[in-house]
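Participant: structure for the following, please:
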Amino acid sequence: MPISVKATIGKLIATVAVAAFALQTPAKAAETIELTAIDGYPPKSMWVDRFINFFIPEIDKRLAKTGNYKIKWNQAWGGQIAKKKNVLQGIQKGLGDIGVVTTVFHNSRVPLQMIAYATPFVTTDPGLVARTVDQMVAKYPAFKQAWDKYNQVYLTNLAVLDTYQMFFNKSVENIGGFKGLKVGVAGLNALYLKGTGAASVGGSYLTYYNKVKTGVIDGFMLWPEAVTAFKMYEVVPYMLRADIGTANSKAITVNADTWKKLPGEVKTAIKEAAIAYRDHVAQTALDRAKTAYAQYEKNGGKIVTMSAAERKNWGSTMPNVAKDWAADLEKKGIPGKEILAGYMDIMRQAGQPILRQWDKE
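Facilitator: Numbering: from 1, shown residues only. This is a model prediction of the structure:
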């Protein structure tokens, strides 16, 4: 037999042997990491629904590319582990590994997250707000340092609404109609009512329905998608469309102890998926807003649009929430004025319909 033929046969035998060995050797099993995801709001809430059906699959998809790791998700929504106002503390204590913190409830703990709440009547673009806040986070260490105190690693923020509107159990056409009314609010937006004669009452959209029904409040400040999703038009059939603006009301954080233990590949997958989730939620908010107004009217709701003059009157006569917010930060050694100006500069450069120049007036 010629030498070349022998060599060829030898190579074939070797190849078959290697293939047979490979078939007998099981592939390396992916390491399983258990993570508990929490929020006090139910899966019906848009951002929780998107966490379940977008964020988690995005992480899993990235990890599947190498097959080195997979996550076993324990999902605890609707207050199973932490109520809506206690998610920050729940992640801090390790009751949840990752979750959605509703920052509007934690003005004193993470005040920098209130920047959009401190600047109403600036924009109704949730994607722009969310991206801008993350730009601020990257530039100013104080943003993440605030979370460090509560044993958490900040991933991103969420703007889950197109714009706040006013909803009432009776017809109200201007801010003069606010006088004597009890209005449900959350966080800094209580200050929007100062001087209007309305009394602000703290709450959240999980409690507003019953509070109106039982006479505790006469209406609330909320966004249309939430009102229609939870059938609140049944108790507040009147919307005063004032286009108060959007805000970053959520943050995605991870327990710092959990984060330290995660492999680099897993951290990368979570961070990348978080940004994709942020942008997806913002777009979903806009998409759902397009139909929410029609759904509200279809279910018996009546919409009155606040006149441009009345809207300007409201925005120009309310306290300068932003300057007060920035001044409080300055007292803590944080460059609040610079951060406020930087935020407003981005909004101006983006051509937003700014009603009041909060950093200049």
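
Participant: surely residue 183 is in a strand?
Facilitator: Yes. The assignment for residue 183 is a strand, going by DSSP: H, G, I helix; E, B strand; the rest coil.

Participant: nearest spatial neighbour of it, skipping sequence neighbours?
Facilitator: residue 198 (4.9 Å; Cβ to Cβ, 6 or more residues apart in numbering). Placement of C-beta: from N, CA and C, glycine included.

Participant: with residue 306 instead?
Facilitator: Per Cβ to Cβ, 6+ apart, closest to residue 306 is residue 242, 4.5 Å.

Participant: next: residue 274.
Facilitator: Closest to residue 274 by Cβ to Cβ, 6+ apart is residue 155, at 4.1 Å.

Participant: returning to what we had before: correct me, but the residue nearest to residue 306 touches residue 308?
Facilitator: No. Residue 242 lies out of contact with residue 308 (Cβ atoms under 8 Å); the separation is 10.7 Å.

Participant: between the two, which is the more surrounded one?
Facilitator: residue 242 (24 against 9; other Cβ atoms under 10 Å).

Participant: how about the contacts made by that one?
Facilitator: 164, 165, 166, 306, 311, 314 (Cβ atoms under 8 Å, 6 or more residues apart in numbering).

Participant: most neighbours among those residues, which one?
Facilitator: residue 166 (26 neighbours).

Participant: how far away is that residue from residue 320?
Facilitator: 21 Å (Cβ to Cβ, to the nearest Å).

Participant: kindly report the same for residue 262.
Facilitator: On the measure of Cβ to Cβ, residue 262 and residue 320 end up 43 Å apart.

Participant: same check on residue 130?
Facilitator: For residue 130, the distance to residue 320 equals 24 Å [Cβ to Cβ].

Participant: repeat for residue 163
Facilitator: 20 Å.

Participant: so between those two, which is more surrounded?
Facilitator: Neighbours were counted for residue 163 and for residue 320 using other Cβ under 10 Å; residue 163 has more, 21 against 17.

Participant: sec struct for the closest residue in space to the more buried one that isn't next to it in sequence, please.
Facilitator: Spatial nearest neighbour of residue 163, chain neighbours left out: residue 124 (4.2 Å); criterion: Cβ to Cβ, 6+ apart. Three-state assignment for residue 124 (three-state DSSP): coil.

Participant: give me the distance between residue 124 and residue 162.
Facilitator: For residue 124, the distance to residue 162 - Cβ to Cβ - is 5 Å.

Participant: could you name every residue contacting both of those two?
Facilitator: Joint contacts of residue 124 and residue 162 (Cβ under 8 Å, 6+ apart) are residue 246.

Participant: which one of those two has more residues nearby?
Facilitator: Legend: neighbour count by other Cβ under 10 Å for residue 124 and residue 162, higher for residue 162 (24 against 20).

Participant: what's near enough to touch that one?
Facilitator: Residue 162 touches 124, 126, 223, 224, 225, 246, 285, 286, 289, counting by Cβ under 8 Å, 6+ apart.

Participant: ditto for residue 125
Facilitator: 246, 286, 350, 352.

Participant: need the residues you listed in JSON lines with neighbour count and secondary structure, can you?
Facilitator: Output for these, formatted as JSON lines (neighbours: other Cβ atoms under 10 Å; DSSP: H, G, I helix; E, B strand; the rest coil):
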{"residue": "246", "neighbour count": "28", "secondary structure": "coil"}
{"residue": "286", "neighbour count": "17", "secondary structure": "helix"}
{"residue": "350", "neighbour count": "13", "secondary structure": "coil"}
{"residue": "352", "neighbour count": "18", "secondary structure": "coil"}
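
Participant: any chance of the backbone angles for residue 34?
Facilitator: Main-chain dihedrals, residue 34, degrees, to the nearest 10: phi -90, psi 130.

Participant: wait, isn't it in contact with residue 72?
Facilitator: Yes. Using Cβ under 8 Å, residue 34 is in contact with residue 72, at 4.7 Å.

Participant: re the thing from before, dump the contacts of residue 162 to TSV, plus distance to residue 184 and pLDDT.
Facilitator: Output for the contacts of residue 162, formatted as TSV (distance: Cβ to Cβ, whole Å; pLDDT from 0 to 100):
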residue	distance to residue 184	pLDDT
124	21	98
126	21	98
223	13	97
224	15	97
225	17	96
246	18	98
285	20	98
286	24	97
289	20	96
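
Participant: can you list these in a markdown table and add distance to residue 105?
Facilitator: Converted to a markdown table, the contacts of residue 162 look like this (distance: Cβ to Cβ, whole Å):
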| residue | distance to residue 105 |
| --- | --- |
| 124 | 23 |
| 126 | 19 |
| 223 | 17 |
| 224 | 22 |
| 225 | 20 |
| 246 | 18 |
| 285 | 19 |
| 286 | 24 |
| 289 | 23 |
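
Participant: all strands for this structure, in order.
Facilitator: Here the chain has its strands, by DSSP state E, at 31-38, 69-76, 98-102, 152-158, 164-168, 182-185, 199-202, 219-222, 238-245, 250-255, 302-305.

Participant: buried deepest among those strands, which one?
Facilitator: Between the strands of the chain, strand 98-102 has the highest mean count of neighbours, a mean of 28, where neighbours are mean count of other Cβ atoms under 10 Å.

Participant: and the contacts of that one?
Facilitator: 35-41, 47-48, 51, 82, 84-85, 87-88, 90-91, 110, 152, 158, 204, 249-255, 258, 270.

Participant: and the angle for it with strand 250-255?
Facilitator: Relative orientation of strand 98-102 versus strand 250-255 (axes from the mean of the first three to the mean of the last three Cα atoms, to 10 degrees): 140 degrees.
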